[in-house]
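[1] Need a 3D model of the sequence below.
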Amino acid sequence: MEAIDHPVSRYAADVVEGKEVAGELVRLACERHLLDLETAGDRGWVFDCRKADQVLNFAGMLQHTVGPKAGEPLTLQPWQMFRHGSVFGWRHAETGLRRFRSTYHQVGKKNGKTTDTAVPMLFTQLFDGEAAPQGYCAATTRDQAGLLFKEMKRMIRGSSVLSNPSFFKVWQSSIEAPRTSGSISCLSRDGNSADGINPHFAARDEVHRWTDRELAEIVVNSMLARSQPIDWAITTAGADRASICGELREYSEKVLRGDVVDDRLFAYVAEPPEAADPGDPTTWRMGNPNLGVAFKEEDFARIYEKASVIQGEMPNFRRLHLNLWTEGAQTWIARDIWDRGLAAAPFPIEKLYGRKAWVAMDLSRTTDTTGIVLAVPVDGVIYLVAFCFLPEGPKGFIVRAQTENRAYVDWRDRGYLEVHRGGAIDEDQVIERMKWLRARFDIQEVVYDRWGMKYVAGELEKLRFPMLEHGQGYAGMSAPTKRFEECVMKGRIRHGGNPVLAHQLGNVMLDQDAAENVKPNKKKSKGRIDVAVAAIMALGRAEVGEEKRKARDILIV
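    Numbering: from 1, shown residues only. Sure thing, here's the model as predicted:
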């Protein structure tokens with residue numbers, strides 16, 4: 001069988017072609033698979049249909065153990081085949097070892113994610129060729145860890161093949177695999193110690209509940225001695241993105257969008273758009289790929305009807321059943337809106353040389369990022385060219401990236417982040433960048449907030465840059481922020497897919513006063529937003545400049 005004809009690829013194609021209902025991040029995962037079939041060979045990866053079939057066929061040896069399907073064979077649905085087949089099918093061309101070591105699976109409640117996790121857990125005990133494979137059901141509490149463990153015990157006992165003692169022996173607190181000297185047990189902070197573990201497969205259940213970073217790091221780091229371990233993180237959406245699970249979710253999105261290149265991570269995030277109608281069955285299916293299989297649509301409708309009447313239940317409905325994160329503040333501009341149409345299409349900056357440009361600067365002097373953004377109007381479209389500067393920090397750039405944001409390294413290597421030596425922004429380097437820009441663009445204005453800009457603004461004025469103060473309170477930011485929103489909604493912005501700008505825009509939270517004036521709030525925002533603020537200011541001034549130009553043209557006519 002050709003890889004493109006495999007059930008994994010057929011599901012991916014159905015999603016991409018719109019035959020299978022799915023949210024944007026699932027679509028991106030499918031596009032990634034199909035693209036990798038064409039290009040991953042250059043990086044040493046191949047999709048092995050036989051290896052994918054092995055785990056899918058193994059699932060047929062198991063059966064449901066609870067609910068109305070108890071006693072029936074476990075039949076993987078196309079979305080489950082895609083996940084399992086992808087993780088086990090992608091291999092290194094020379095060694096034959098698995099490509100994916102880390103996985104993140106986020107789907108709505110009651111979609112069978114705990115049940116289908118038993119498939120790879122039991123499979124890796126028997127058929128990976130690993131000596132003494134250790135499997136762990138890991139969770140924050142013994143009770144949560146025990147849910148998956150008990151499910152696997154029931155599945156083994158219900159299988160005429162696997163219940164043979166030569167395959168598995170089931171004990172109260174462990175499962176043994178005599179043929180491979182393997183074992184499966186529970187792991188939690190309030191249970192047995194995590195010291196000395198050497199996992200080959202670790203299932204981390206309901207990761208949105210994990211608050212113990214030490215336990216998470218022990219589980220992941222203790223896998224290093226294994227040749228092809230799997231960290232299988234499963235969860236429903238959480239309520240705090242500033243968490244272990246939130247970090248996994250954000251990193252998964254970066255990988256799926258191509259902002260960060262990580263060939264070792266597989267992610268399946270079944271989310272509808274944040275603004276989707278919560279009463280639309282299409283929205284339900286995006287967060288619940290097993291809708292109609294694990295539970296009926298009419299049952300789901302009753303849950304929604306109750307939540308729509310009792311508004312206090314709507315946040316839990318959105319989180320548990322739509323699989324949407326429900327932290328109190330919502331992102332200002334959703335990423336799918338920001339990237340839609342031609343907005344993220346790459347463009348050569350050289351094509352803009354010589355054109356009128358409005359520049360905004362948001363300067364920091366210590367640990368924050370500094371942003372310079374040019375807004376270049378062309379035939380009704382605003383091109384944004386963003387530059388971001390970051391001090392390496394007292395312990396060096398790599399330590400800072402590992403501590404704060406692993407994407408820093410990728411952004412630097414791809415030319416989207418300029419790193420300054422030391423613990424503060426090198427203001428002279430910022431000035432040199434401004435000189436570079438003036439040599440290539442017809443700069444109309446350089447707008448800035450006066451805080452922290454005394455030296456830079458003074459030096460640029462000496463160099464005869466057209467400097468203009470721009471406050472960042474309601475008076476200065478409300479109009480440009482609303483203009484920015486309007487341009488995004490009308491598809492008038494081209495940002496070229498700059499990942500730093502996209503990341504910081506996704507961090508923005510807005511304040512609004514009684515008169516409905518708005519402004520970004522740096523303290524409330526989820527992370528640094530300096531580049532995003534500069535983009536708002538630059539676009540706002542470019543729009544004003546274009547309106548003045550058009551008014552002059554009318555007067556001349």
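[2] Could you look up the SS state of Ile443?
    Local secondary structure at Ile443 is given as strand here, using DSSP: H, G, I helix; E, B strand; the rest coil.
[3] Was I right to think it contacts Leu468?
    No - between Ile443 and Leu468 no contact is recorded; they are 11.3 Å apart, counting by Cβ atoms under 8 Å. Bear in mind the C-beta positions are built from the backbone N, C-alpha and C, glycine included.
[4] What pLDDT does the model give the residue positioned nearest the centre of the chain?
    Within the chain, one residue has its C-alpha closest to the average C-alpha position: by Cα atoms, centre = their mean, that is Glu253, at 1.8 Å. Reading off the confidence values, Glu253 has pLDDT 95.
[5] That one against Arg335, yeah?
    Yes - A contact is recorded between Glu253 and Arg335 when judged using Cβ under 8 Å, the distance being 7.2 Å.
[6] still on that earlier bit, the helix or strand where the residue nearest to the centre of the chain lies packs against which elements?
    Secondary-structure assignment from DSSP states H and E places Glu253 in helix 244-257. In this structure, helix 244-257 packs against helix 24-39, strand 102-106, strand 230-235, strand 265-269, helix 335-339, helix 499-507, with contacts taken as 3 or more Cβ pairs under 8 Å, 6 or more residues apart in numbering; DSSP states H and E.
[7] for stretch 6-20, what is the average pLDDT?
    The predicted model gives stretch 6-20 an average pLDDT of 98.
[8] what's in contact with it?
    Residues lying outside stretch 6-20 but in contact with it, judged by Cβ atoms under 8 Å, 6 or more residues apart in numbering, are 3-4, 22, 26-27, 29-31, 33-34, 37, 47, 49, 52-53, 56, 78-79, 81-82, 85-86, 89.
[9] which of those are buried?
    In terms of neighbour count (16 or more other Cβ atoms under 10 Å), the buried residues within those are 3, 22, 26-27, 29-30, 33-34, 37, 47, 49, 52-53, 56, 78-79, 81-82, 85-86, 89.
[10] Please identify the buried residues of stretch 257-273?
    For stretch 257-273, a neighbour-count test (16+ other Cβ under 10 Å) marks 257, 259-260, 262-263, 265-272 as buried.
[11] do stretch 440-459 as well
    Quick answer for stretch 440-459 (16+ other Cβ under 10 Å): Phe441, Ile443, Gln444, Glu445, Val446, Val447, Tyr448, Asp449, Gly452, Met453, Val456, Ala457.
[12] can I get the residues you listed in TSV with distance to Gln172 and pLDDT?
    Converted to TSV, these look like this (distance: Cβ to Cβ, whole Å; pLDDT from 0 to 100):
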residue	distance to Gln172	pLDDT
Phe441	72	97
Ile443	74	97
Gln444	75	96
Glu445	73	96
Val446	71	95
Val447	69	94
Tyr448	68	92
Asp449	64	88
Gly452	63	73
Met453	67	81
Val456	68	90
Ala457	71	90
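[13] can I get these in TSV with distance to Ala13?
    Shown next, in TSV, are these (distance: Cβ to Cβ, whole Å):
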residue	distance to Ala13
Phe441	44
Ile443	48
Gln444	48
Glu445	49
Val446	49
Val447	48
Tyr448	50
Asp449	49
Gly452	52
Met453	52
Val456	52
Ala457	55
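[14] Pairing partners for the longest strand along the chain, with directions?
    With DSSP state E setting the assignment, residue counts place strand 381-391 as the longest strand in the chain. According to DSSP bridges, strand 381-391 has the following sheet partners: strand 370-378 (antiparallel), strand 417-420 (parallel), strand 493-494 (parallel).
[15] possible to save those strands as TSV with mean pLDDT?
    Putting those into TSV (pLDDT from 0 to 100) gives the following:
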stretch	mean pLDDT
strand 370-378	96
strand 417-420	92
strand 493-494	96
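[16] hey, which of the ones you listed is tucked in deepest?
    A comparison of those by mean neighbour count, using mean count of other Cβ atoms under 10 Å, puts strand 370-378 on top with a mean of 24.
[17] okay, that one in CSV with CA atoms only?
    The C-alpha atoms that make up strand 370-378 are tabulated as CSV, following Å, rounded to 0.1, in the frame of the first residue of the first chain:
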residue,chain,number,x,y,z
THR,A,370,11.8,46.0,22.0
GLY,A,371,9.7,46.3,18.9
ILE,A,372,10.1,48.3,15.7
VAL,A,373,7.3,47.9,13.1
LEU,A,374,7.0,49.5,9.7
ALA,A,375,3.6,50.0,8.2
VAL,A,376,3.8,50.3,4.4
PRO,A,377,0.5,51.1,2.5
VAL,A,378,0.2,49.6,-1.0
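[18] so that strand versus helix 499-507, what angle?
    Between the direction of strand 370-378 and that of helix 499-507, the angle (axes from the mean of the first three to the mean of the last three Cα atoms, to 10 degrees) works out to 100 degrees.
[19] Run the chain-centre distance for strand 370-378.
    From the chain centre to the centre of strand 370-378 is a distance of 26 Å (Cα atoms, centre = their mean, to the nearest Å).
[20] cool, stretch 429-446 as well?
    Worked out by Cα atoms, centre = their mean, stretch 429-446 lies 34 Å from the chain centre.
[21] Identify the residues contacting that stretch?
    When contacts are defined by Cβ under 8 Å, 6+ apart, stretch 429-446 is touched by residues 352-361, 363, 370, 372, 374, 376, 387, 389, 418, 420, 456, 459-460, 463, 465-468, 541, 545.
[22] so which of the helices and strands packed on helix 244-257 comes closest to Leu291?
    helix 24-39 (13.7 Å; Cβ to Cβ).
[23] what mean pLDDT does that closest one have?
    Looking at helix 24-39 alone, the average pLDDT works out to 98.
[24] what's the angle from it to strand 265-269?
    Relative orientation of helix 24-39 and strand 265-269, computed by the same axes, to 10 degrees: 140 degrees.
[25] Export helix 24-39 to CSV, keeping only CA atoms.
    This file holds the C-alpha atoms of helix 24-39, laid out as CSV (Å, rounded to 0.1, in the frame of the first residue of the first chain):
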residue,chain,number,x,y,z
GLU,A,24,-8.3,24.6,12.3
LEU,A,25,-5.6,22.9,14.4
VAL,A,26,-6.7,19.4,13.4
ARG,A,27,-6.7,20.6,9.8
LEU,A,28,-3.2,21.9,10.3
ALA,A,29,-2.1,18.5,11.7
CYS,A,30,-3.6,16.8,8.7
GLU,A,31,-1.9,19.3,6.3
ARG,A,32,1.4,18.7,8.1
HIS,A,33,1.0,14.9,7.6
LEU,A,34,0.2,15.2,3.9
LEU,A,35,3.1,17.7,3.3
ASP,A,36,5.5,15.5,5.2
LEU,A,37,4.6,12.6,2.9
GLU,A,38,6.2,14.7,0.1
THR,A,39,9.0,16.5,2.0
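[26] Which secondary structure elements does that helix sit against?
    Helices and strands in packing contact with helix 24-39 are listed as helix 7-16, strand 45-47, helix 78-89, helix 244-257, strand 265-269; criterion 3+ Cβ pairs under 8 Å, 6+ apart.
[27] contact partners of the longest one?
    It stands for helix 244-257. Helix 244-257 has contacts (Cβ under 8 Å, 6+ apart) with 25, 28-29, 32, 104, 106, 207-211, 213, 216, 233, 235, 237-238, 240-241, 260-262, 265, 267, 269, 325, 335, 339, 406-407, 499, 502-503.
[28] Only alpha carbons, please: show it as CSV.
    Extracted in CSV, the C-alpha atoms of helix 244-257 (Å, rounded to 0.1, in the frame of the first residue of the first chain):
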residue,chain,number,x,y,z
ILE,A,244,1.8,23.1,32.4
CYS,A,245,-1.0,22.1,30.1
GLY,A,246,-1.4,25.6,28.7
GLU,A,247,2.2,25.6,27.7
LEU,A,248,1.9,22.3,25.9
ARG,A,249,-1.2,23.6,24.1
GLU,A,250,0.5,26.8,23.0
TYR,A,251,3.7,25.0,21.9
SER,A,252,1.6,22.4,20.0
GLU,A,253,-0.1,25.3,18.1
LYS,A,254,3.2,26.8,17.2
VAL,A,255,4.5,23.5,15.8
LEU,A,256,1.3,22.9,13.8
ARG,A,257,1.4,26.4,12.4
